[in-house]
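Peer 1: Kindly return the folded structure for what I paste below:
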Amino acid sequence: MPALDLPRLIAHRGLSARAPENTLAAVRAAHAAGIIWVELDVQLLGDGTPVIWHDRDVSRCSDGRGRLAAMDLAAARRLDTGAWFAPAFVGERMATLDAMLVLIAELGMGVNLELKVNRGHDPVALAEAAVPTLMEALPYERRLVSSFDERALRVSRALAGPERLALGALFDRVPRDWQSRTEALQAVSVHANWKPLKAERARAIKAAGHALVCYTANDPAAFGPRWDWGVDAVISDDPTRFR
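Peer 2: Predicted coordinates for the structure are as follows:
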């Protein structure tokens, strides 16, 4: 499979320390700060539209309430998704996957797109809606699909072989059978919660030929020893702190 040259620093949900997460504004902020890759979440509205959003509902990051799966695009676009963060972002709207990918392409950035499968959501429908759109918008070397949901990753792999689509296996605690699960997906990378990750497991991942991505680290000093374990990239709310 082709090599995927990940940068060391990836902005979590865009530059979410400085702009509302998973918005166009957060991606613009990352770009302005010199961060060339972002990690974003995608899921489906009730009408099947892929949107950039993390939670199952909209209450935490908008001025509305209700489940994402109960909304159509018109309802979702009426939400203000910036005012909760700061007055400067009043009027920010929920981004569709299409709009986000247009921006990322225009800025020459890369994206780790997480297929976010919240309770009651269909991983097959999500992968079938999001992955072809991503593949059409960006070249191989500027896109990576990850998920905690192996069903979503299996469908993604069925849509495109490893020479056309890079996959990342996403874990909280990397399990003992990580290698068989990762290799079954022909994944290029393993994505691990940085806090429970152990040096022995990190080095085994690297020895097996996978890229190792850690999330979500915001303390460069505490994270520091993990670079010596072979970590390739860190996902952070404010990756500029790691410079």
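Peer 1: Break down the chain into its helices, ranges please.
Peer 2: 24-32, 73-77, 97-107, 123-137, 150-159, 178-184, 199-207, 220-223 (DSSP state H).
Peer 1: quick one, strands of the chain?
Peer 2: With DSSP state E as the criterion, the chain has strands at 9-12, 37-44, 50-52, 110-115, 143-147, 167-171, 189-193, 211-215, 233-236.
Peer 1: Direction included, what does the second one pair against?
Peer 2: Pointing back at strand 37-44 there. Strand pairing for strand 37-44, using DSSP bridges, gives strand 9-12 (parallel), strand 50-52 (antiparallel), strand 110-115 (parallel).
Peer 1: Now do the longest one: everything it contacts.
Peer 2: Residues outside strand 110-115 that contact it (Cβ atoms under 8 Å, 6 or more residues apart in numbering) are 7, 10, 36-43, 101, 104, 123, 126-127, 130-131, 134, 138, 141-147, 149, 152-153, 156, 168, 170, 213, 235. Just so you know, the C-beta spots here come from the backbone N, C-alpha and C atoms, and that holds for glycine as well.
Peer 1: coming back round to it: how about the helices of the chain, which one is nearest P2?
Peer 2: helix 123-137 (13.4 Å; Cβ to Cβ).
Peer 1: same for the closest one, what does it pack against?
Peer 2: Judged by 3 or more Cβ pairs under 8 Å, 6 or more residues apart in numbering; DSSP states H and E, the packing partners of helix 123-137 are strand 37-44, strand 50-52, helix 97-107, strand 110-115, strand 143-147, helix 150-159.
Peer 1: Tally up the residues packed near T240, please.
Peer 2: Neighbours of T240 under the rule other Cβ atoms under 10 Å: 15.
Peer 1: residue contacts, it?
Peer 2: Neighbours of T240 in contact, by Cβ under 8 Å, 6+ apart: 9, 33-35.
Peer 1: Make a PyMOL selection of the buried ones in those.
Peer 2: Per 16 or more other Cβ atoms under 10 Å, the buried members of the contacts of T240 correspond to this PyMOL selection:
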select buried, resi 9+33+35
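Peer 1: just curious, which of the contacts of T240 is nearest to Q179?
Peer 2: Closest to Q179, out of all of these and judged by Cβ to Cβ, is L9, at 26.7 Å.
Peer 1: How about that closest one, nearest residue that isn't a chain neighbour?
Peer 2: In space, and not counting its chain neighbours, L9 is closest to P239: 3.7 Å by Cβ to Cβ, 6 or more residues apart in numbering.
Peer 1: wait, doesn't that neighbour sit right on I35?
Peer 2: Yes - taking contacts as Cβ atoms under 8 Å, P239 lies within contact range of I35: 5.5 Å.
Peer 1: All set now, cheers.
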